[in-house]
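1. I would like the atomic coordinates for the input below:
(2 chains)
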There are 2 protein chains.
Amino acid sequence: MTNIRVDKHYDLIIIGAGSGNSIPGPEFDDKSIAIIEKGKFGGTCLNVGCIPTKMFVYTSEVAETIRTSGKYNISAQLTDVAWSEIVKRVFSDRIDPIAAGGEAYRRGPETPNIDVYDHHAVFVGPKILSTGQGAEKRIISGDIIVIATGSRPAIPEVITKSGITYYTNENIMRLPKLPKSMIVMGGSFIALEMSHMFKALGVDVTLVNRSNRLLKRFDTDISDRITRATSEAMTTHLGVTFTDLTEDESGITATLSNGSTIHGEVMLIATGRIPNGDLMDLDKAGIDMVGDRIKVNKYGETTAPGVWALGDVSSPYQLKHVANAEMRTIRHNILHPDELRELPHENVPAAVFTHPQIGVVGLTEKEARDQGINVTVKVQKYGDVAYGWAMNDTENFAKLIADKDTGKLVGAHIIGPQAATLVQQLVTIMSFGLDVRAAARDQYWIHPALPELIENALLGLEF
Amino acid sequence: MTNIRVDKHYDLIIIGAGSGNSIPGPEFDDKSIAIIEKGKFGGTCLNVGCIPTKMFVYTSEVAETIRTSGKYNISAQLTDVAWSEIVKRVFSDRIDPIAAGGEAYRRGPETPNIDVYDHHAVFVGPKILSTGQGAEKRIISGDIIVIATGSRPAIPEVITKSGITYYTNENIMRLPKLPKSMIVMGGSFIALEMSHMFKALGVDVTLVNRSNRLLKRFDTDISDRITRATSEAMTTHLGVTFTDLTEDESGITATLSNGSTIHGEVMLIATGRIPNGDLMDLDKAGIDMVGDRIKVNKYGETTAPGVWALGDVSSPYQLKHVANAEMRTIRHNILHPDELRELPHENVPAAVFTHPQIGVVGLTEKEARDQGINVTVKVQKYGDVAYGWAMNDTENFAKLIADKDTGKLVGAHIIGPQAATLVQQLVTIMSFGLDVRAAARDQYWIHPALPELIENALLGLEF
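-> Down below sits the predicted model:
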């Protein structure tokens, strides 16, 4: 045993006030709780992730609609994008008060059983953490500890070594003014949402990605389509790396492995995210990692009994809805140790708010075939249903993959308007195991509304 | 028996080439068939109804987005609406070729067993019709007859008596130029879709309706909201009638029962639709009406054995997806007289493509309470979910009504962006009898996508 002097002991310590902050509810009113959050309450999603990005992206869709109105025989001029007003609307008016309110609530008289610590937390022994409050360092221990410390942007060595100024999702949305041009490094969903968003708001975006494919882990047809759409929307350099990066008062100048030289007033790095487990001295507490994630069993418990982990720091899914679901499972498991539930990792959907939008759930066609599923596949174009005519859509589609032997849907991949909404019905169909033929025929589909895309995709699956 | 000379006898006669035209498929290749259509193939929906209206409405949504972009801190100027180009895109480029192609196909060598007649059809005896082809009158008879003659705009006497020029949905979308101003008479979905569409395209619309409520048969909360939204968007005179109507070269001037005088360059009448059964001398064939509709039994057969009816001419629903479903049922019943299916009239959804959009399915709250259902109701605002923040929405909502005793959804009423898409998932939930608590919790909901509106509405139903 360690001989560390512990300042205070708690029934429960929660490290990270993103999804973790939703654990304490009325059932925990008789427990002493510490919440440790060195940043803002609400975590990545609220402060620098899903929520503000969608607010910016929706705004950029308005700009995009104006720019492309000629497609609908309407002439319009986009005269101004009031960037600082957008930033104010998103952050000052909406998000920052929620984050501040969340913290004030936890520090206030409504939750007298909860203490808030605002220093970075590291383990100094089993179930013992070093953290702090304001100017004071504190050592605290807990019967139960939940690690929900999330992830941070990964910065490639070529960038750190170059010494250039760069932005990430954590600060790009608070730029004081909209830059004229931007280099974006990356090809996954953050890079793409940001690229399409800034491009639509009028920034001259140059996207650079190591792979030739964007969203390369998505179904090939989706990856192909978003790669083409992105290359049409902005300058892209795919399958290349940075060979040199310099900075002057005009911004960043980069040389690429394809010989090109590009320039951007600012540079955004969006090459993935690293779980924060490596910053917590986990070895002092007997908490193992698997790869760069904290290792948890199917119930969410780490290799140190009584220590749980959820969200980006441990989950195979870097998605807020998964973090929330894991949080609910772990809350249940802490409260009901005799009837443990498994982390819910079935039928996990995701959306990418690019132009066009993407919504997916389940297996890609390749994954389904590799698993030996007797697949039937239908690609239904928006342009072949009536509402797609109204949208003048010619390129977008829904791709469904079903199991011929069972009649069950195994994957849905939609790219096009409202994809993030449309996919939800397919999540229902998968989650409740509906037969795709029944799903097509045993319900009404409003004519001529956009879900006819899904109706026709379902009807098109051959058995 | 009659002693009418019959020019030709058929196995099957279909009157009306809207939904009726979808009956003949490969299963009928050995049958002699007559299709009678005095107008355009495709019927109301394709030519003057759902499909072109949605194409115009979507275009008007683009215009509306431009006009309201300031809400998202984007400044834009709508400089021109190229009306004649829109009309060309919708009709000349898309719809007219489909209608003409549909007719040519039925007249051509691909369907040698089908004759097309293009005169109006009236019964002259049981299963005997008078119609014609080109210049020739023809008397034809059939073993089986399907009446699918649809409906036509109802024109109130105050309009016909006044002698003024007026438009209906059948010709308003082909106006040679966009008028500066328009009087719209009506308060149901055609009147509202047209009003919002023309208003967004820049027409000064004045809506006049006899009832104080718009969409008065919808759930009260929906009716309230669309009444308010319409009154904010344009000039409305509600709860009034026309007392005088005059026309000069500048258009229509009308005096209203509230003392107002209003003016419109054109006038649109959209006060409902009359089924076309009254134009067919049904009494000669032993076909009864119920009210203004042809009477059919639960299988779709009229009071004359072997004569069937579907769609607006007989259905309680004036909706294309219902007409299509009735068509499929009657096609089955004709082919399988020993295993008749009932017309599918359960869980019928509908959408109204106004600004904001509306999507509904099932009972209104009042209907549910009147039926003695132990209801639980949740009204979930767009403004209280993250994607609603992105949309800057403050007024719109989803209202769900469930049965506390069974856990089943009995009604869903959505008004706001993507309502026609969002409601489809609730059609699935109702049609497959999912418990609302399971529907909320036993599937993932993408964060922060718009279906979180539905998730929160489901979670908000108290049990």
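
2. Show me the residue of the stretch 101-250 of chain A that gets nearest to chain B, please.
-> Here the stretch 101-250 of chain A gets closest to chain B at one residue, A:Leu201, 8.3 Å apart by C-beta to the nearest C-beta. Any C-beta I mention is one placed from the backbone N, CA and C, and that applies to glycine too.

3. ok, that residue - contacts?
-> By C-beta atoms under 8 Å, 6 or more residues apart in numbering or on different chains, the contact set of A:Leu201 is A:Phe56, A:Thr59, A:Ser60, A:Ala63, A:Val81, A:Trp83, A:Leu178.

4. Which members of these occur in helices, if any?
-> A:Phe56, A:Thr59, A:Ser60, A:Ala63, A:Trp83 (DSSP state H).

5. about what we covered before: which ones, among the contacts of A:Leu201, also lie beside chain B?
-> A:Thr59, A:Ala63, A:Val81, A:Trp83 (C-beta under 8 Å from any C-beta of the partner chain).

6. can you name the two of the residues you listed that are farthest apart?
-> Using C-beta to C-beta, the ones next to chain B among the contacts of A:Leu201 span at most 11.1 Å, a distance reached by A:Ala63 and A:Trp83.

7. So for those two, which residue has more residues nearby?
-> The neighbour comparison of A:Ala63 against A:Trp83 (other C-beta atoms under 10 Å in any protein chain shown) goes to A:Ala63, with 22 against 19.

8. In contact with that one, which residues?
-> A:Leu78, A:Val81, A:Ala200, A:Leu201, A:Gly202, B:Ser69, B:Ile74.

9. ok, back up a step: now flag whichever of the ones next to chain B among the contacts of A:Leu201 is closest to chain B.
-> Among the ones next to chain B among the contacts of A:Leu201, and counting by C-beta to the nearest C-beta, the member closest to chain B is A:Thr59, at 4.5 Å.

10. Which residue is the nearest non-sequential neighbour of that closest one?
-> The shortest distance from A:Thr59 to any non-neighbouring residue, by C-beta to C-beta, 6 or more residues apart in numbering or on different chains, is to B:Tyr72 (4.5 Å).

11. and if you look at A:His120?
-> Nearest to A:His120 is A:Lys38, by C-beta to C-beta, 6+ apart, at 4.7 Å.

12. mind checking how far that neighbour is from A:Met280?
-> 12 Å (C-beta to C-beta, to the nearest Å).

13. Between those two, point out the one with more neighbours.
-> Taking other C-beta under 10 Å, A:Lys38 and A:Met280 do not tie; A:Met280 has more neighbours (20 against 15).

14. Now do the same contact list for the closest residue to the more buried one other than its chain neighbours.
-> Take A:Met280 and drop its neighbours on the chain: the residue closest to it by C-beta to C-beta, 6+ apart is A:Val122, 5.4 Å away. With contact taken as C-beta under 8 Å, 6+ apart, A:Val122 is in contact with A:Leu129, A:Ser130, A:Thr131, A:Leu279, A:Met280, A:Asp281, A:Lys284.

15. let's see 7 Å
-> A:Leu129, A:Ser130, A:Met280, A:Asp281 (C-beta atoms under 7 Å, 6 or more residues apart in numbering or on different chains).

16. Show me what it is bridged to.
-> A:Ser130 (DSSP bridges).

17. what about A:Thr354, how many neighbours?
-> Other residues within reach of A:Thr354, judged by other C-beta under 10 Å, total 24.

18. Now do the contacts for it.
-> The neighbours of A:Thr354, taking C-beta under 7 Å, 6+ apart as the test, are A:Leu192, A:Glu193, A:His196, A:Ile226.

19. The helix or strand where the last one lies: what's the following helix or strand?
-> Taking DSSP states H and E as the definition, A:Ile226 sits inside helix A:220-233. Per DSSP H and E, helix A:220-233 leads on to strand A:235-238 as the next helix or strand towards the C-terminus.

20. What average pLDDT does that next one get?
-> For strand A:235-238, mean pLDDT is 98.

21. centre of the chain versus it, how much separation?
-> How far strand A:235-238 lies from its chain's middle: 23 Å, per C-alpha atoms, centre = their mean, to the nearest Å.

22. tell me which residues in that strand are buried?
-> For strand A:235-238, a neighbour-count test (16 or more other C-beta atoms under 10 Å in any protein chain shown) marks A:Thr235, A:Thr236, A:His237, A:Leu238 as buried.

23. what would the contacts of A:Leu201 look like in TSV with pLDDT and distance to B:Asn258?
-> Output for these, formatted as TSV (pLDDT from 0 to 100; distance: C-beta to C-beta, whole Å):
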residue	pLDDT	distance to B:Asn258
A:Phe56	98	47
A:Thr59	98	42
A:Ser60	98	45
A:Ala63	98	43
A:Val81	98	44
A:Trp83	98	48
A:Leu178	98	50
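
24. so, if you compare the residues you listed, which one comes nearest to A:Ala368?
-> When the contacts of A:Leu201 are compared against A:Ala368 (criterion: C-beta to C-beta), the nearest one is A:Ser60, at 33.6 Å.

25. Give me the neighbour count for that closest one.
-> As a measure of burial, A:Ser60 has 26 neighbours, counting by other C-beta under 10 Å.

26. A:Asp221 contacts A:Ile401, doesn't it?
-> No. Counting by C-beta atoms under 7 Å, A:Asp221 does not reach A:Ile401; the two are 10.5 Å apart.

27. what residues are up against the spatially most central residue of chain A?
-> Among the residues of chain A, the one closest to the centroid is A:Leu319, at 4.6 Å (C-alpha atoms, centre = their mean). Each residue near A:Leu319 by C-beta under 7 Å, 6+ apart is listed here: A:Val348, A:Ala350.

28. Also the one 5 residues further on?
-> Contact analysis of A:Asn324 by C-beta under 7 Å, 6+ apart lists A:Ser19.

29. that's a helix at it, yeah?
-> Yes. Assignment of A:Asn324 by DSSP: H, G, I helix; E, B strand; the rest coil places it within a helix.

30. out of the contacts of A:Thr354, what pair is the most spread apart?
-> Checking the contacts of A:Thr354 with C-beta to C-beta, the most distant pair is A:Glu193 and A:Ile226, at 11.0 Å.

31. Check what pLDDT the residue nearest to A:Thr59 gets.
-> 98.

32. you'd agree it is up against A:Ser60?
-> No. The criterion here is C-beta under 7 Å, and B:Tyr72 misses it with A:Ser60 at 9.0 Å.

33. joint contacts of those two?
-> When contacts are counted by C-beta under 7 Å, 6+ apart, B:Tyr72 and A:Ser60 have no shared neighbour.

34. the strands in the stretch 101-250 of chain A, which residues?
-> A:114-117, A:122-125, A:128-133, A:136-147, A:151-153, A:181-185, A:204-209, A:235-238, A:242-248 (DSSP state E, counting those that start in this stretch).

35. Mind exporting the C-alpha coordinates of the fourth one to PDB?
-> Extracted as PDB, the C-alpha positions of strand A:136-147 are listed here (Å, rounded to 0.1, in the frame of the first residue of the first chain):
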ATOM      1  CA  GLU A 136      -4.500  24.500  -3.900                       C
ATOM      2  CA  LYS A 137      -3.200  21.100  -4.800                       C
ATOM      3  CA  ARG A 138      -5.300  18.300  -3.400                       C
ATOM      4  CA  ILE A 139      -4.900  14.500  -3.100                       C
ATOM      5  CA  ILE A 140      -8.300  12.800  -3.100                       C
ATOM      6  CA  SER A 141      -9.400   9.100  -3.100                       C
ATOM      7  CA  GLY A 142     -12.600   7.400  -4.100                       C
ATOM      8  CA  ASP A 143     -14.400   4.100  -3.600                       C
ATOM      9  CA  ILE A 144     -15.500   4.400  -7.200                       C
ATOM     10  CA  ILE A 145     -13.800   6.300  -9.900                       C
ATOM     11  CA  VAL A 146     -15.100   7.100 -13.400                       C
ATOM     12  CA  ILE A 147     -12.600   8.200 -16.000                       C
END
